[in-house]
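> give me the fold of what follows.
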Amino acid sequence: MTPTDDAPATGLPMTVPAPGLPARVRIHEVGPRDGLQNEARTVPTEVKAEFIRKLAAAGLPVIEATSFVHPKWVPQLADAEQLFPMLDGLDAERLPVLVPNEKGLARALALGARRIAVFGSATESFARANLNRTVDEALAMFEPVVRRARDEGLHVRGYLSMCFGDPWEGPVPLAQVVRVCRALLDLGCDELSLGDTIGVATPGHVRGLLTALNDAGVPTSHLGVHFHDTYGQALANTLAALQHGVTTVDASAGGLGGCPYAKSATGNLATEDLVWMLHGLGIETGVDLARLTAASVWLAGVLGRPSPSRTVLAQMNQARPHKE
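Numbering: from 1, shown residues only. I've put the predicted structure just below:
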């Protein structure tokens with residue numbers, strides 16, 4: 001294939017397709033939940049709702065809206081009951097929510113949620129820090145949640161954190177991750193999101209884990225990836241996953257987020273940076289990069305700090321008039 005010559009001077013990459021990559025990728029936007037839960041101050045509910053609407057208008061197909069965890073643990077998302085009704089008019093199938101237990105699921109169901117996620121750990125240390133349970137105790141807690149959600153016709157995602165490294169335990173054995181992934185699927189999860197929570201993965205490690213999961217009977221079609229950019233590896237790791245056949249990638253608009261229970265976790269992969277790479281490779285996303293960038297710039301203004309996304313920064317610099 002030869003490069004196309006139709007990239008305008010408005011900040012779009014030249015399209016140069018590469019062999020062996022999927023034709024389309026579904027971006028799972030986590031900024032409103034995973035990003036805003038890490039803010040030092042609580043973002044007003046009206047701002048959250050407007051942010052989600054801007055992301056929807058930019059074409060993001062899935063936007064994780066909030067979490068129904070107890071406000072004591074994540075006070076930044078204590079307004080879930082107020083926020084979700086403010087998104088009236090957006091398809092609930094586009095708005096997954098995180099639920100920690102049966103009480104959280106009941107709250108989500110009462111508001112009409114149609115997609116939920118549970119959040120587990122591949123390591124004992126993080127399971128204790130995040131859920132105050134062992135890995136197996138957490139799985140037992142999820143079992144009735146997943147069962148009821150499936151009975152109600154909901155789509156269920158299983159997040160698995162610390163798939164590549166843990167701040168207390170170090171590198172995580174592949175077999176350990178595979179065991180918990182297999183258990184989540186056996187509970188009835190429709191898809192899994194493999195989290196590099198502290199951003200230590202490298203492309204070879206990503207390929208190794210995906211291969212090990214396939215060998216254990218976990219199809220690639222059931223897998224998504226969730227990379228943090230601590231060591232600048234998030235895009236390289238994403239490309240390795242795409243080359244393996246993964247078509248669902250988590251990202252956070254403007255690079256918001258980290259992890260409140262793992263202090264070494266820096267920001268998520270910025271959605272704008274991901275879209276720039278995917279569009280340059282000729283991979284369809286349905287996302288309007290200009291609208292997405294504008295949404296992140298708007299939120300950065302509300303938060304009072306610049307976005308860490310390299311693409312947002314580049315687009316802003318390009319838009320500024322140059323002095324002679």
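
> could you use CA atoms for every contact and neighbour count after this?
Will do.

> for the record, mean pLDDT for stretch 140-159?
Stretch 140-159 carries an average pLDDT of 98.

> and for stretch 267-277?
Stretch 267-277 comes out with an average pLDDT of 95.

> before we move on, what about stretch 236-248?
Mean pLDDT, computed over stretch 236-248, is 98.

> now the helices for the stretch 101-250 of the chain?
Shown for the stretch 101-250 of the chain, the helices assigned by DSSP state H, counting those that start in this stretch span residues 102-110, 124-131, 135-151, 174-187, 203-215, 234-244.

> pipe the ones you listed into CSV and attach distance to Val30 per row.
CSV is the format used below for the helices of the stretch 101-250 of the chain (distance: least, C-alpha to C-alpha, whole Å):
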stretch, distance to Val30
helix 102-110, 17
helix 124-131, 18
helix 135-151, 21
helix 174-187, 20
helix 203-215, 21
helix 234-244, 15
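
> of all those helices, which one comes closest to Ala49?
Closest approach to Ala49 among these is made by helix 102-110 (16.6 Å; C-alpha to C-alpha).

> C-alpha coordinates for that closest one, PDB please?
Output in PDB follows, covering the C-alpha atoms of helix 102-110 (Å, rounded to 0.1, in the frame of the first residue of the first chain):
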ATOM      1  CA  GLU A 102     -24.600  -6.900  44.600                       C
ATOM      2  CA  LYS A 103     -25.600  -3.600  46.200                       C
ATOM      3  CA  GLY A 104     -23.800  -1.600  43.500                       C
ATOM      4  CA  LEU A 105     -25.500  -3.700  40.800                       C
ATOM      5  CA  ALA A 106     -28.900  -3.100  42.300                       C
ATOM      6  CA  ARG A 107     -28.300   0.700  42.300                       C
ATOM      7  CA  ALA A 108     -27.200   0.500  38.600                       C
ATOM      8  CA  LEU A 109     -30.200  -1.600  37.600                       C
ATOM      9  CA  ALA A 110     -32.600   0.800  39.300                       C
END
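
> could you say what helices and strands that helix packs with?
If you count contacts as 3 or more C-alpha pairs under 8 Å, 6 or more residues apart in numbering; DSSP states H and E, helix 102-110 packs onto helix 135-151.

> who does the helix it packs on touch, helix- and strand-wise?
Contact analysis of helix 135-151 by 3+ C-alpha pairs under 8 Å, 6+ apart lists helix 102-110, strand 115-121, helix 124-131, strand 155-161, helix 174-187 as its packing neighbours.
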